[in-house]
Structure formats: C-alpha cells, structure tokens
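Pasting the sequence and the predicted coordinates here, then a few questions.
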Amino acid sequence: MPLIKGIVRFIWTTIWSFIWLTIVVGLCLVGLLFYVEGQAAPQVLQSIVVQAKEVVTGQVAIDLSSGLDTITHLATDQVNESASSRWETNAATVYIDTTDPTFVEAYQTAIANWNATGAFTFTLVDNASQADIIATEMNDSTSRAAGEAESTTNLLTNYFDSVTVKLNAYYLYNSEYAYDFDRIVHTAEHELGHAIGLSHDDSQESVMESAGSYHGIQETDIQAVLTLYGLN
Ligand SMILES: [Zn+2]
C-alpha cells in the first residue's frame, strides 16, 4: 500500500508541477510582451500587446463619427464600420437633450417609427443619468455632416456602454442643403440606427444610407436589427 500511495503522490506532484510551470511561463510571457511594448518591438507584437491590454483592462472603445459632404449630397455621418456593437437586448432608454422644438419632434417621431417596427424599443426617460442614449444637437460647420453618433463599447462584452447622437443644426437648418422635416426625421432615425448598432448600407434603399437622408426605415433595416439581435 505505501508503494501505491507513493506512486499516486508522485503522479499528483508531477501534474501540479506541470500546471504551475505553465502558469509561471504564461505570466512571464505576458510580462515580456508588456515590457517590449515600450521597446522597438515588431508592429505585430505591439498590436497584440495593445489588444491584450484592452482585454485585461476592459477598456472602452470610443467611436466618434464624422463625415464629408458635398453641397448637393451631404453625408449623414461617417462611422467605424468595423464596430458591430449592440445593446444586450433590443431595447434602450433615451434622454432628449435639446430644447429645439423641431429637433425634439424629429427625435420623438424617429423613436415612434423605430418602436412601430417591433424590432427595437426605445423608452424615453426624463433624467439623463438614467439614459443609455443621449439625443442632442450641435451647431458645427467643421464636422461636415448632418449628424453624429458617438458610442462607448465594453470590449469584453462588445455591448454599448453609452451612445450620444447629435443632429447638426448648421446643416439641417441651412437652406443650401434644403432639409425638410421628413429628412430631419430620417437623419434622426439614421443616428438612432447607429445607436441600435446598425452600420451604413448603400446597397439598397435604407435609412442607413451614408448620405442624403432621403429614406426612412425600410424593411431591410428592420431585418438588419432582427439579425443583429438574433431575433430572426
Ligand atoms: Zn451614419
């Protein structure tokens, strides 16, 4: 019996030694990667380190959209198409942070139109601190876009932490661009589309077309939301 005990103990000790060795070697490699980041490390290695740090720290990604325009065909905005973030469920709260009556009505109409699709539900709240999404305005001639959507995403979950959407009064009220109320609503629907997690779609009629805001929410947009949230 002592012999069997000895063999079992030897195997047990060997397994644990192997596990510990693996952990120590792993930690040394991580330490080395973080160390060489400051040195003249190869580009590939540096990008691995940056990604590793983001995973380790749960750092948020900030996606600030901006855009280009022409007089006749103003860009709605420009977003990072690689970011396929979303909310955990197909619902989010919104605080409308503007006193401009046209923009308030445009946001309210856009929210009602999205809610009517049944694919995503926005709930208005009257306190900014309770809101997932802040819907506001700006007056910026340098952004060169009709709107803007800025999001922070938790890289561990790829879910949004917060989104701020803006309507740009500088262009939407500029007679050269001739935005009527419907196109302002489409712009609001578009920015809220980004706040849902949708990317641009210029392959067909879509509220997510990258310029012009000529179309409201289409069947293809509803399907895109259902697909994003795994509901179809
Ligand atoms: Zn856009």
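Now that the structure is in, tell me what you want to look at. Numbering: from 1, shown residues only.

Phi first, then psi, for residue 96.
phi -90, psi 110 (degrees, to the nearest 10).

residues contacting it?
Applying Cβ atoms under 8 Å, 6 or more residues apart in numbering, we find residue 96 in contact with 104, 107, 108, 124, 135, 136. (Each C-beta comes from the backbone N, C-alpha and C, glycine too.)

Remind me which helix or strand the first one belongs to.
Here residue 104 sits within helix 101-117, counting by DSSP states H and E.

And the contacts of that helix?
94, 96, 98, 120-122, 124, 135, 137, 167, 169, 181, 184-185, 187-189, 192-193, 196, 216-217, 221-222, 225.

which of the contacts of residue 96 count as buried?
By neighbour count, with 16 or more other Cβ atoms under 10 Å, the contacts of residue 96 hold 107, 108, 135, 136 as buried.

ok so, going back, now the contacts of residue 96 in TSV, with distance to residue 22 and pLDDT?
Shown next, in TSV, are the contacts of residue 96 (distance: Cβ to Cβ, whole Å; pLDDT from 0 to 100):
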residue	distance to residue 22	pLDDT
104	59	98
107	54	98
108	58	98
124	53	98
135	50	98
136	51	98
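
about what we covered before: sort out for me which of the contacts of helix 101-117 are in strands.
Among these, the ones falling in strands (DSSP state E) are 94, 96, 121, 122, 124, 135, 137, 167.

ok, the residues you listed vs the ion, which is closest?
residue 167 (12.3 Å; Cβ to the ion).

Isn't the closest one up against residue 149?
No. The criterion here is Cβ atoms under 8 Å, and residue 167 misses it with residue 149 at 10.7 Å.

Return every residue with contacts to both of those two.
Taking Cβ under 8 Å, 6+ apart as the contact rule, residue 167 and residue 149 both touch residue 191.

With distance to residue 155 as extra columns, can I get the contacts of residue 96 in CSV?
Output for these, formatted as CSV (distance: Cβ to Cβ, whole Å):
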residue, distance to residue 155
104, 34
107, 29
108, 33
124, 29
135, 25
136, 25
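
Which residues in the helix or strand containing residue 152 does the neighbour count mark as buried?
Taking DSSP H and E as the criterion, residue 152 maps to strand 147-154. For strand 147-154, the neighbour count (16+ other Cβ under 10 Å) marks 147, 148, 149, 150, 151, 153 as buried.
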